[in-house]
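Asks: below is the structure, and that's it, no one-letter string:
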Ligand SMILES: Nc1ncnc2c1ncn2[C@@H]1O[C@H](COP(=O)(O)OP(=O)(O)O)[C@@H](O)[C@H]1O
Ligand SMILES: Nc1ccn([C@H]2C[C@H](O)[C@@H](COP(=O)(O)OP(=O)(O)O)O2)c(=O)n1
């Protein structure tokens, strides 16, 4: 997951390949609660591992439920069997509506039956998301609920130490036209109170997002409770209802998350399809109906059980006028696809967007306008006018995400713009709510022109701080790192291990030099988790010695070695970008890099830094000999015939002799910001720290 302040997505060209979706958020949190309420042990497979499921798991643990993680996406839950194990708890539920609403209902009912008091709170946005209709329904029922902040909003305290009677004889009325989660919450909670008599729930107003209620009913059935449904207005839980574990339950891939990859296929899979594993056309999730909408816009979609294949069909996409009531979450993806359509697209009946993670109608309109689009909005609709298929009208934008995962994922789809502009996603870690590895998954199925993938080159003499600066800049941008010096060090080591001497006299023999060059061209080197591997050997420490540095400097003067490592180095230019450090990154390897830094410091400063570095590693060193070695290495690197150490003509010079590491990083990031086309709209919008 990217925890950077922003993530720049280079312009993308093609899509194709296979993705596996994380588990559905809606199913995961319902199944977790059902498993916690029922009798017996439930093994849940393919559970979503994200912010929203983590808060649910933490809450269930605080309630005394037995949880055992069997793997990142497998958990074993020992249910409470309808009996409260803890009579008091404070539950922090982040911004997870799928945890807040059902837990409020379940704990109100259990506390009324058995006695207990629970506080439920979340992030500030959670405290702006209405829950009053559910509170009203639970109060009708006789539940005790105190609003600790604003009336009608979390935080809430539910229950009281002593049991209180529930009124179950009259139908319980709940509004269904703001959020279907209120009804879901009652449907999940009331079987706990239906031992003796049936309980009826009546929906007031037209029920929205019906497919989500369908998921709830299907999952209730898996846990042994068959609810009778009379249209979408009346639901009856039969007398004697009792939750029972299904043993093992598997969570489907998230159909809402599938929408981004379906869109990707529709936008850019012209050759091989985008294949999505984890949901198929038989999915129980309502958002699978997004496939119909995508087809109507022109996508070619073929489905199998548990799998979808998507290609580009009509192009440009066809404009739509669609009632999106049944696919509120996935419909956001249509709003971005609309930028690539042949006319204005209108999404209707999306009033629920206003009470989601953010006001999604306002947010979507604002951000699509940033991209250059004309957007009209109403209380429950949005109209998006397309941008030019010839690239006209598109703007490079820094998109705000409002702590809303879907805004970030939708925004990424703008990177297919024909104007070949990059897109900046602010606060990309908000995808952690449902799809922590969204961007990594995106990279695995898209391609950019190599020239569009940014590279920042940091060249300079030994111990000037290149590696330190490169790593820090890359961490701030979410970019890959190429430590090219390490490759020359590995060549030196590999040569010696292969019995090829690396002293100057030996390397002066052209046949010998060719052999070292051939070895460089076939180098089985790998960088993984901060370690360097030569074949199956971890050589991280071996290549860091001063002797290995000297050997690297000697072999690096050989043209055959430099040629042998060229393709390997260029191969590091991968999405979303690269920071490369060495001697010739800007002059030879990436001459088209948009930012080149030539980093220097006085020889004395560098010798002192190297000395401190060695001493801190517990090695012995003398400043005088380090200074002599360093000057000899500089001289050789500067004077060699091929790719000598020198600043590229367009390099920015940075002497950090008197600069701290942080100051060097800030300087380079400021230079980078100036090379980027985004302006300064780069502050994340949520002020409070994330949990
Ligand atoms: N601007 C700086 N100020 C002080 N020390 C620095 C600075 N940059 C790097 N260093 C220190 O100098 C040492 C050498 O840095 P390193 O990044 O390994 O250099 P290089 O990759 O150029 O050989 C490290 O111990 C690092 O912490
Ligand atoms: N792009 C590069 C990187 C390193 N080299 C050579 C020259 C250097 O003396 C050695 C070792 O490089 P490295 O960056 O690891 O050395 P320092 O950490 O700066 O001491 O490799 C090169 O020729 N071209």
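Replies: Here it is on my side, so go on. Computed from a predicted model, the values in this text were never measured in an experiment. Ligands and ions are numbered 1, 2, ... in the order given.
Asks: closest residue of the stretch 301-450 of the chain to ligand 2?
Replies: Minimum separation of the stretch 301-450 of the chain from ligand 2 (C-beta to the nearest ligand atom) falls at residue 450, amounting to 18.6 Å. Where you see a C-beta, it was placed from the backbone N, CA and C, and this is true even at glycine.
Asks: and the closest residue to that residue other than its chain neighbours, what does it touch?
Replies: Spatially, and ignoring its direct neighbours in sequence, residue 450 is nearest to residue 573 (5.5 Å; C-beta to C-beta, 6 or more residues apart in numbering). Taking C-beta atoms under 8 Å, 6 or more residues apart in numbering, we find residue 573 in contact with 450, 453, 455, 590.
Asks: please apply the same query to residue 217.
Replies: Residue 217 makes contact with 187, 227, 229, according to C-beta under 8 Å, 6+ apart.
Asks: the second one touches residue 187, doesn't it?
Replies: Just to be clear, that refers to residue 227. Yes: because the distance of 6.4 Å satisfies C-beta atoms under 8 Å, residue 227 is recorded as touching residue 187.
Asks: so which residues make contact with stretch 537-549?
Replies: So stretch 537-549 is in contact with 462, 485-486, 489-490, 492-493, 530-533, 552, 614, 626, 629, 633, going by C-beta under 8 Å, 6+ apart.
Asks: show me which of these are buried.
Replies: 462, 485-486, 489-490, 492-493, 532-533, 552, 614, 626, 629, 633 (16 or more other C-beta atoms under 10 Å).
Asks: can you tell me which of those are in strands?
Replies: 532, 533 (DSSP state E).
Asks: can you tell me the closest non-neighbouring residue to the residue of the stretch 451-600 of the chain found nearest ligand 1?
Replies: Residue nearest to ligand 1 within the stretch 451-600 of the chain (C-beta to the nearest ligand atom): residue 465, separated by 2.5 Å. Computed as C-beta to C-beta, 6+ apart, the closest residue to residue 465 that is not its neighbour in sequence is residue 656, at 5.8 Å.
Asks: check contacts around residue 596.
Replies: Residues in contact with residue 596 (C-beta under 8 Å, 6+ apart) are 456, 457, 459, 585, 586, 647, 648, 650, 651, 652.
Asks: of those residues, list those near ligand 2.
Replies: Within the set of those, contact with ligand 2 (C-beta under 6 Å from any ligand atom) is found for residue 585.
Asks: relative to residue 579, which of the contacts of residue 596 is nearest.
Replies: Distance to residue 579, by C-beta to C-beta, is smallest for residue 456 among the contacts of residue 596, at 4.7 Å.
Asks: verify the stated contact: the closest one with residue 476.
Replies: No: counting by C-beta under 8 Å, residue 456 does not reach residue 476; the two are 10.8 Å apart.
Asks: which one of those two has more residues nearby?
Replies: Higher neighbour count among residue 456 and residue 476: residue 456, with 28 against 17, using other C-beta atoms under 10 Å.
Asks: neighbouring contacts of the helix or strand where that one lies?
Replies: If you go by DSSP states H and E, residue 456 is part of strand 455-459. Identification of contacts with strand 455-459 by C-beta under 8 Å, 6+ apart yields 466, 469-470, 473, 477, 479, 573, 577-587, 589-590, 593-599, 645, 647-648, 651, 668, 672.
Asks: and those, which of them are buried?
Replies: Using 16+ other C-beta under 10 Å, the buried members of the contacts of strand 455-459 are 466, 469-470, 473, 477, 479, 573, 577-587, 589-590, 593, 595-599, 645, 647-648, 651, 668, 672.
Asks: could I get the full set of strands for the stretch 401-550 of the chain?
Replies: For the stretch 401-550 of the chain, strands defined by DSSP state E, counting those that start in this stretch occupy the ranges 423-426, 446-447, 455-459, 480-483, 525-528, 531-534, 537-538.
Asks: again, but for the stretch 101-250 of the chain
Replies: Along the stretch 101-250 of the chain, the stretches classed as strands by DSSP E, counting those that start in this stretch are 117-121, 145-147, 156-158, 172-175, 199-204, 228-230, 234-237, 248-250.
Asks: redo these as TSV? Include distance to ligand 1, mean neighbour count and mean pLDDT.
Replies: Formatted as TSV, the strands of the stretch 101-250 of the chain follow (distance: least, C-beta to the nearest ligand atom, whole Å; neighbours: other C-beta atoms under 10 Å; pLDDT from 0 to 100):
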stretch	distance to ligand 1	mean neighbour count	mean pLDDT
strand 117-121	43	21	98
strand 145-147	53	16	98
strand 156-158	50	22	98
strand 172-175	60	19	94
strand 199-204	64	20	95
strand 228-230	65	12	95
strand 234-237	64	20	97
strand 248-250	48	15	95
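Asks: not counting residues beside it along the chain, what's closest to whichever residue of the stretch 351-500 of the chain sits closest to ligand 2?
Replies: Residue of the stretch 351-500 of the chain nearest ligand 2, by C-beta to the nearest ligand atom: residue 485 (2.1 Å). Leaving aside its sequence neighbours, residue 485 sits nearest to residue 582 (C-beta to C-beta, 6+ apart; 5.6 Å).
Asks: try residue 644
Replies: Using C-beta to C-beta, 6+ apart, the nearest residue to residue 644 is residue 638, at 5.5 Å.
Asks: what of residue 652?
Replies: Distance criterion C-beta to C-beta, 6+ apart; nearest residue to residue 652, sequence neighbours excluded, is residue 597 at 5.3 Å.
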